[in-house]
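K.L.:
Give me a model of this one.
(one chain, ligands or ions: 2)
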Amino acid sequence: MSAPSSSALLEADHLVKEFAVAGTGGLIARPETFRAVDDVSLRVEAGETVALVGESGSGKSTTARLVARLIDATSGSVRFDGHDVTTLNGRDLHDFRSEVQVVFQDPFSSLNPRHTVERIITAPLRYQGRKPPGGSRAFTQNLMERVGLDPMQWERFPAQFSGGQAQRIGIARALAVAPRLVICDEAVSALDVSVQAQVINLLRRLQAEEGFSYLFIAHDLAVVRQIATRVAVMSAGRIVEEGDRDAVFDNPQHEYTRALLSAVPRIRPEWETARRERAAERAALAAQSIER
Ligand SMILES: Nc1ncnc2c1ncn2[C@@H]1O[C@H](COP(=O)(O)OP(=O)(O)O)[C@@H](O)[C@H]1O
Ligand SMILES: [Mg+2]
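P.N.:
Numbering: from 1, shown residues only. Ligands and ions are numbered 1, 2, ... in the order given. Modelled structure (predicted):
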């Protein structure tokens, strides 16, 4: 039996996000909309790692942005620690933003290239109007050490780091405000496999130390298997399957999940299409042979 809803750290209910898209023309111009997220409900308990998986364009990042209130939902609600955050503004939205942090795929586009590591890592605190405890430099150096960076490099700029190191800066920045939920949106997807393994280990260690939850978005199921406790599978804006990691990996219920799993370790849309076509062919042949 599932736990009562009040115990969830994050609870998204029937989230819908429609984007305006260019109309197809005609005499009467009318706004057209595209439903990127279509009735998504999602729970993340304290301390757990929920993976959101699905092919490119399935709505994972839009869901993440809705949950973090970086964009507003068309309808539906998000509750965090029992409080409705869908309608937060002003000071309350500020406070919520320190509880939920996002680590993005490309560190170099999510870190300001003209800011030093110190300025980057202390930015979320300053956004909160708070001073780094113990002083800005000591605070920065402590966080750099915790994420496996050389604390003497606090004055450097993002371009002076490798991709893996830059992603560690992004992780340190997320940790600066002691969040309770960290959303990793393809945070390790752009890294080389060996660097990826190191960053995954780091993410796991930090969670063990801090006890926060992850909403871990990835299209790579090999990565998800290493870190998730639960998995939600997204396709065309909807969650088509959700369950404990081992249940989803070992006994997938939905055809789309089986398709994703069969494409491990890397899913490419063109393979996916080819695979679907072959599966449809086989199904058609099987149906014919049954009829005969
Ligand atoms: N701001 C936007 N305006 C219009 N369409 C968008 C916008 N953001 C995302 N989309 C569309 O919504 C769909 C889902 O996008 P996204 O959430 O980024 O998917 P994923 O992260 O799973 O790859 C895609 O078709 C994308 O083109
Ligand atoms: Mg995305």
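
K.L.:
Tell me the buried residues in stretch 221-229?
P.N.:
221, 223, 224, 225, 226, 227, 228, 229 (16 or more other Cβ atoms under 10 Å). Every residue, glycine included, has its C-beta placed from N, CA and C.

K.L.:
Now secondary structure, distance to ligand 2 and pLDDT too, for these, in CSV please.
P.N.:
Converted to CSV, these look like this (DSSP: H, G, I helix; E, B strand; the rest coil; distance: Cβ to the ion, whole Å; pLDDT from 0 to 100):
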residue, secondary structure, distance to ligand 2, pLDDT
221, helix, 15, 89
223, helix, 14, 92
224, helix, 14, 95
225, helix, 19, 93
226, helix, 19, 93
227, helix, 17, 95
228, coil, 17, 97
229, coil, 21, 96
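
K.L.:
Spatially, which residue comes closest to the residue in the chain that ligand 2 sits nearest to, not counting chain neighbours?
P.N.:
Nearest residue of the chain to ligand 2: residue 61, at 3.2 Å (Cβ to the ion). Computed as Cβ to Cβ, 6 or more residues apart in numbering, the closest residue to residue 61 that is not its neighbour in sequence is residue 185, at 5.5 Å.

K.L.:
Same check on residue 150?
P.N.:
Closest to residue 150 by Cβ to Cβ, 6+ apart is residue 144, at 7.0 Å.

K.L.:
so which strand or helix has that neighbour?
P.N.:
Assessed by DSSP states H and E, residue 144 sits inside helix 136-146.

K.L.:
pLDDT on that helix, on average?
P.N.:
Across helix 136-146, the average pLDDT comes to 98.

K.L.:
Name the next helix or strand following that helix along the chain.
P.N.:
Counting by DSSP H and E, what follows helix 136-146 is helix 163-175.

K.L.:
List the buried residues of that following helix.
P.N.:
Neighbour-count burial for helix 163-175 [16+ other Cβ under 10 Å]: 164, 165, 166, 167, 168, 169, 170, 171, 172, 173, 174, 175.

K.L.:
Residues contacting that helix, please?
P.N.:
101-104, 107-108, 110-111, 117, 120-121, 123-124, 140, 143-144, 146-149, 158, 161, 182, 187-188, 190-192, 195, 198-199, 202-203, 206, 210 (Cβ atoms under 8 Å, 6 or more residues apart in numbering).

K.L.:
Which residues of the stretch 51-200 of the chain lie near ligand 2?
P.N.:
Counting by Cβ under 5 Å from the ion, the residues of the stretch 51-200 of the chain close to ligand 2 are 60, 61.

K.L.:
what about the helices in this protein?
P.N.:
Under the criterion DSSP state H, the chain contains helices at 60-67, 90-99, 107-110, 117-127, 136-146, 163-175, 193-210, 221-227, 245-250, 255-262, 269-291.

K.L.:
All set, thanks.
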